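Colleague: generate coordinates for the sequence data below:
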Amino acid sequence: MGVNQCKLCGKRSPLIASAIGFCADCIRSYPDETLPVIMQAHAETRREFGLPEAPPKAPDGVQCTLCTNECSIPEGGRGFCGLRENQGGRLVHLAGTASRGILHWYRDPLPTNCVADWVCPGHTRYGYHNLAVFYGSCTYNCLFCQNWHYRQMSPQKEKGISAQKLAEVANPRTFCVCYFGGDPASQMPHALAASRLLAEKGVRICWETNGSMQPKLLDQAVELSLRSGGCIKFDIKAFDENLHIALTGVSNKRALENLARAARRIPERPDPPLVVVSTLLVPGYVDVQEVERIASYVASLNPDIPYALLAFYPQFYLWDLPCTSARHARECEEAARAAGLTNVRVGNIHLLSNAY
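Modeller: Below is the predicted model:
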């Protein structure tokens with residue numbers, strides 16, 4: 001395990017990622033000095049995959065309002081997710097519509113490693129399966145992405161599949177569908193169209209998302225989960241906005257607002273849980289302070305919302321960080337419970353280390 005140095009305060013630690021170059025404390029306290037440098041690193045990671053370096057904000061561009069980025073796309077340009085273009089002053093959807101989604105799907109036998117497994121009826125449905133829908137696009141640019149290979153999919157390379165065809169792959173043993181990726185927030189029209197058809201077949205509708213979609217699209221997703229017996233799992237990356245931008249390239253304001261919006265529907269169906277929250281414990285960055293603030297926010301919405309703390313494995317541009325330590329996970333679990341949450345779980349425990 002290597003040791004890197006914070007470019008601002010000079011602190012040396014194995015919990016400082018070379019791709020970020022700063023410690024969490026400096027990012028939280030000195031965003032004017034740290035974030036411009038980190039955003040250059042984000043831009044480099046985007047160029048590597050032929051994606052726009054940042055959400056475009058062209059003064060005379062065409063507007064896309066499907067997610068928090070609200071791209072204003074210049075003539076001939078693409079939106080941040082790579083699926084929308086400005087063609088002659090008109091917004092063109094290359095994918096993510098009811099007629100074409102860029103994704104992979106597979107049947108995942110139950111019980112599975114779902115984030116909500118411990119609170120979902122699916123963990124008792126032996127012989128049934130989850131229809132796992134892996135979308136090949138995203139609204140964030142997480143430097144720690146555990147599923148970064150979604151970037152190798154694109155509307156230029158993939159044939160795609162319609163919502164109708166996706167729904168047709170469900171069979172009598174399909175207990176639930178879960179959209180993840182990448183992130184379904186980038187292809188909500190497709191996911192919603194497929195979900196309406198799947199719900200008619202009695203399939204439970206579940207989402208695993210960063211929560212960055214337009215609120216009216218979230219409302220439709222929540223309604224489908226509510227009526228079908230499914231859930232919406234919000235993956236909250238960090239609470240401090242500066243740290244969130246450093247890790248993902250995008251603000252978390254919409255995600256936190258959408259989480260509160262979905263939580264207001266919980267009384268309509270307390271069981272099984274409608275809303276579940278998860279956080280990846282990125283060493284050095286998503287520390288006890290972040291988890292305590294996330295947990296306090298979630299508890300203020302509803303203390304019974306299940307909260308999963310997930311162990312990190314070195315991936316993508318944060319390859320030089322260690323796996324989450326057992327001590328880190330234990331302290332975060334204690335902090336989440338002390339913040340008022342009643343149902344906290346550490347997941348991916350097989351990845352926990354003693355590295356720090």
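Colleague: which stretches of the chain have low pLDDT?
Modeller: Low-confidence segments of the chain, defined by pLDDT under 70: 1.
Colleague: what residues are up against the closest residue to Trp105 other than its chain neighbours?
Modeller: Of all residues not flanking Trp105 in the chain, Val133 sits nearest, at 5.0 Å (Cβ to Cβ, 6 or more residues apart in numbering). Glycine gets a C-beta too; all of them are placed from N, C-alpha and C. Contact partners of Val133, counting by Cβ atoms under 8 Å, 6 or more residues apart in numbering, are 103-105, 166, 177-180, 184, 191, 194.
Colleague: what are the bridge partners for Val133, then?
Modeller: Here Val133 sits in beta bridges with Trp105, Tyr179, as judged by DSSP bridges.
Colleague: re earlier: mind checking which of the contacts of Val133 are buried?
Modeller: 103-105, 166, 177-180, 184, 191, 194 (16 or more other Cβ atoms under 10 Å).
Colleague: that older thread, want to throw the contacts of Val133 into JSON lines with distance to Thr324?
Modeller: Output for those, formatted as JSON lines (distance: Cβ to Cβ, whole Å):
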{"residue": "Leu103", "distance to Thr324": "29"}
{"residue": "His104", "distance to Thr324": "27"}
{"residue": "Trp105", "distance to Thr324": "29"}
{"residue": "Leu166", "distance to Thr324": "34"}
{"residue": "Val177", "distance to Thr324": "29"}
{"residue": "Cys178", "distance to Thr324": "23"}
{"residue": "Tyr179", "distance to Thr324": "26"}
{"residue": "Phe180", "distance to Thr324": "20"}
{"residue": "Pro184", "distance to Thr324": "26"}
{"residue": "Ala191", "distance to Thr324": "30"}
{"residue": "Ala194", "distance to Thr324": "34"}
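Colleague: residues in contact with the closest residue to Ala255 other than its chain neighbours?
Modeller: Counting by Cβ to Cβ, 6+ apart, the nearest residue to Ala255 once its immediate chain neighbours are dropped is Gly211, at 3.9 Å. The neighbourhood of Gly211, defined by Cβ under 8 Å, 6+ apart, consists of 185, 218, 234-236, 254-256, 258-259.
Colleague: which of those residues has the most neighbours?
Modeller: Top of those by neighbour number is Ala185, holding 33 neighbours under the definition other Cβ atoms under 10 Å.
Colleague: am I right that that one is in a helix?
Modeller: Yes - the assignment for Ala185 is a helix, going by DSSP: H, G, I helix; E, B strand; the rest coil.
Colleague: next SSE after the longest helix anywhere in the chain?
Modeller: Using DSSP state H to define each element, the chain has its longest helix at helix 31-48. Along the chain past helix 31-48, the next helix or strand (assigned with DSSP states H and E) turns out to be strand 62-63.
Colleague: correct me, but Phe144 touches Phe312?
Modeller: Yes - with contact defined as Cβ atoms under 8 Å, Phe144 counts as touching Phe312 (6.8 Å).
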